[in-house]
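>>> need a structure here:
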Amino acid sequence: MPRARVPRQYFEGADLKDEDDSDSGDESEPSPARGPLGRTTRCASRLETTSHRRIAARLRCTIDFMALQGLDVATLLYYLSWNLDDEEDEQLDADDRDNLFTHTSNLGVIKGIRSQGAREAMDAWSLDNVKMLVLKDLHALSAMMTCPPSNLTEEHLLSINLVDSVREARALAPTLWDLLLSATCTPRQLKKNTYKDPSESCGVSGKAADTLYLWKICMNQKWIYGMLKSIGNRNHQQMLNDIHVLGLPVAGSHNNLDLGFKTYKQRTDNKSHFDSGCAATIYTFTDASCVAPNAKAFQQKWHKGAKDPISSLDIFDAETSGAERLFQENKYTVLKILMMSTEFSFETYTQRLHSVFARPPAVLQLPIGREHATRQYMLKTVHKEETSLDGNDKCMQEWFSQASAPLSDSQIRKCTELATLRRYDSMTMKPGRKLRSWDLNWWNRMEEILELFGWFHAQIYQEHSIIKQHYTTTKGMGLKMAFDVLERKGLGAPSVQGNYHQIAQEALKHVTMAHVRDLWQLVGNAQDLTELRAKTLEDLNAIAEKIVTDYASTNALTKLDALPREEQDDLFKNAVMYCRDGLDYWNLDDAMLSGDVGRMELLLPRLLYRYHGGNNCKYTIEFLKLFQSILREWPEDLKEFVMRHCWLANTTGDKDAFLAYDMVQEHNIRDIKYTFMVLRPFATWDYIHKISASIPTQRKVKDHVEANFNHFRRGKSHTTPEAEKDIKNLQDAYQTTRVHVRVPGQHLMAVDRAKDFVALGSDQLKLDATIKRWSERRTSSRATTEDWELEPPIHTHADSDDTTQMQVGIRRADGSANS
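Here you go, the predicted structure:
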């Protein structure tokens, strides 16, 4: 077909103007910018007033002219896109071309395409470019995202700053980041939800992890568990280095672990069941002032002190010596309860910084700070129950095997430092040690192990004792009535399962606060706590002292008991007794949380009286043993070591973050069972054994990630509901019944009266009889022979691939080969 002729006037530019165009224009308007961009702007403004018929005619003329030159639109764009040789490319106007392809205003040309065929072609072209850019971004990210096995250490993982990593990833992969961001939210959502960020996430389920792996976004579960196993092995090596190379003092704890295994295809050898294992933790102390006690000195003093049992007078003397200090602490607690009330509004109180409201100095405060944080290493969990005598012995051999280095016979004889093991819920080790007390040498007699109870379980049984003592009936205004008002369910039957401890702890504190607040109004002669703001500091201090002395002390109960029966008030006595016990419970909890082990020591007599009077034989024996050890059997270095390093731990080093060691062990078991649980098909004892040593690192990394992503704005637990209303309702109930006003002759039935466990437990005759029975049954003598002709205990290392046997011992004084 012959080519159409191009009108001559087109080349002369005569047809570039419309009929109504004028060269004069409005000189008041600023002229468009010069250059290619300005030319484009002028052309666009003129075409806005041009009819589409004339624009179509011009396009036709342009296409025809291009045809005369052997070009079409596609080839024109191709050669304009920098596809000419460099020398020939220089002949083109670079500014016009750059203006076409780089200026954002020209993107409207592409967005304005309405032809379906052109749209599909442009979409395919755009997709290819996006793929190329994403691939380029992934290559740029490869070095940043690669982590060699040598970097799978706790120090390296915690050194990663995720905020900086996100910033670096955005810089290296801008296209990928924008693509993922646009997939998570629309532009409208992005503008509205200013706190959303696709980088903020924590934790996915096993199914989600597998799905992300199929999309090649993250590792699969097998790789993850392999990485955790590597981290656990590194932690285990670090523990051995602390013990055997650095020679750090060491202690440990262990507890039974029950796991439920559920199957969906039942077979004779594959059924849903509960199984028992054992988990253990080793603690090393990096504090330079911490020196391990001398085992030989302890044995020498033990052989002498074990034959001199304590008496009730020793316990009375200990209680008397700490009475004044505990009185000051109880007075501070009474003031603190006032400060915590919203009615008093302590934050706006003008003299809130006065020394009257200051906490009494600690008796023996443990240090705080990151450098004093307790270092813990979880041993590899084993499928062995420890509740039986045989199972406990096997578990002990396993722990020695995991935490030991090979020692020769002569090296074991040279061991002079004492290792400690915390026990708190099982009596299985004591019969075993009693049976071993006449073995041939100190190693076989297990004299290198010092047993201690756990304070967390001691506190739980204190809660049980208080609830048992003060539950009574609604008529007696005991805890049954208080729990009904507070609507706290399930506290009538003491338990150690679930969250009973948290619920009971909170309930007992709320009851104590309600009692004390009512006493503030009664003794302070105030209609509400707001009126107390007008009192002088001397008046507030005197009221607090009077509350403790006359309404919350053993002396007040003694005076009430001395009254003739017709003048006694049983309801008032119940209230005074609970206030005393409630303040002691608050005192112990605060001492444990703040790390004041000296105050915990002062509370030992009162706790012993409570356990003894409440017929808690287990903890009566534990506290008698502790008194015997402190007063008769432990050298001073061992006593200081136990109090400073074996009662409370602080895994973070933060203030008011101390925990009893048995609670630390419970947290570790919780993490094995729930927080970092092993998912199917890897939920086997073998896999749990391999990765449990990595849990402390997993916990630190989890906290590190949450801190980097500001997840702490939500907190780690549920929001605590406001308790002020509950406390106020209970306080009103006490005020209505006037439980803190003594009414002579107000008697209750025996079932409505609370028994005084402390008074019953402090009875001298009964306490001496209990001490005598205990001292007669306990091991008061051991063999002193050191016959090493027989081989020391031989254990097989649990993780060894062969049957290599290892001789194990405790830590040596020179630190060259310890365990």
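
>>> so what touches stretch 477-497?
Contact with stretch 477-497 is made by 457, 460, 463-464, 466-468, 470-474, 500, 503-504, 507, 510-511, 514, 571, 574-575, 578, 726, 729-730, 733-734, 737, 739, 752, 754, as judged by Cβ atoms under 8 Å, 6 or more residues apart in numbering. For glycine as for every other residue, the C-beta is placed from the backbone atoms N, C-alpha and C.

>>> show me what counts as buried in that stretch.
477, 478, 479, 480, 481, 482, 483, 485, 486, 488, 491, 494 (16 or more other Cβ atoms under 10 Å).

>>> could you measure from the fifth one over to residue 580?
Residue 481 sits 19 Å away from residue 580, going by Cβ to Cβ, to the nearest Å.

>>> and the host helix or strand of residue 339, how far from the chain's centre?
Under DSSP states H and E, the secondary-structure element containing residue 339 is helix 312-340. Using Cα atoms, centre = their mean, to the nearest Å, we find the averaged C-alpha position of helix 312-340 to lie 32 Å away from the chain's own average C-alpha position.

>>> what is it packed up against?
Helices and strands touching helix 312-340, as assessed by 3 or more Cβ pairs under 8 Å, 6 or more residues apart in numbering; DSSP states H and E, comprise helix 500-523, helix 537-551, helix 570-594, helix 597-602, helix 604-613, helix 617-628, helix 764-777.

>>> most packed of those?
Mean neighbours per residue, mean count of other Cβ atoms under 10 Å, is largest over the helices and strands packed on helix 312-340 for helix 604-613, with a mean of 24.

>>> convert the C-alpha atoms of that helix to PDB, please.
Output of helix 604-613 as PDB, limited to C-alpha atoms (Å, rounded to 0.1, in the frame of the first residue of the first chain):
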ATOM      1  CA  LEU A 604      12.500 -17.800 110.300                       C
ATOM      2  CA  PRO A 605      11.200 -18.200 113.900                       C
ATOM      3  CA  ARG A 606       7.700 -17.000 113.000                       C
ATOM      4  CA  LEU A 607       7.600 -19.200 110.000                       C
ATOM      5  CA  LEU A 608       8.700 -22.200 112.000                       C
ATOM      6  CA  TYR A 609       6.000 -21.500 114.600                       C
ATOM      7  CA  ARG A 610       3.400 -21.300 111.900                       C
ATOM      8  CA  TYR A 611       4.400 -24.600 110.300                       C
ATOM      9  CA  HIS A 612       4.700 -26.300 113.600                       C
ATOM     10  CA  GLY A 613       1.400 -25.000 114.900                       C
END
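
>>> lowest-confidence one in the buried residues of stretch 477-497?
Note: of these, the lowest pLDDT belongs to residue 494, at 75.

>>> hmm, back to that, partners of the next helix-or-strand element following the helix holding residue 339 in the sheet?
The helix or strand immediately downstream of helix 312-340 is strand 375-378, counting by DSSP H and E. Strand 375-378 has the following strand partners under DSSP bridges: strand 273-284 (antiparallel).

>>> the strands in the stretch 701-819 of the chain, which residues?
Under the criterion DSSP state E, counting those that start in this stretch, the stretch 701-819 of the chain carries strands at the ranges 794-796, 805-807.

>>> what's the least confident stretch among these?
Per-segment mean pLDDT for the strands of the stretch 701-819 of the chain reaches its minimum on strand 805-807, at a mean of 28.

>>> now residue 55: how far from residue 74?
Residue 55 sits 21 Å away from residue 74, taking Cβ to Cβ as the criterion.

>>> now swap in residue 238 and tell me
As defined by Cβ to Cβ, residue 238 lies at a distance of 66 Å from residue 74.

>>> residue 657 now?
Taking Cβ to Cβ as the measure, residue 657 falls 71 Å from residue 74.

>>> could you do residue 441 as well?
Computed with Cβ to Cβ, the distance linking residue 441 and residue 74 is 96 Å.
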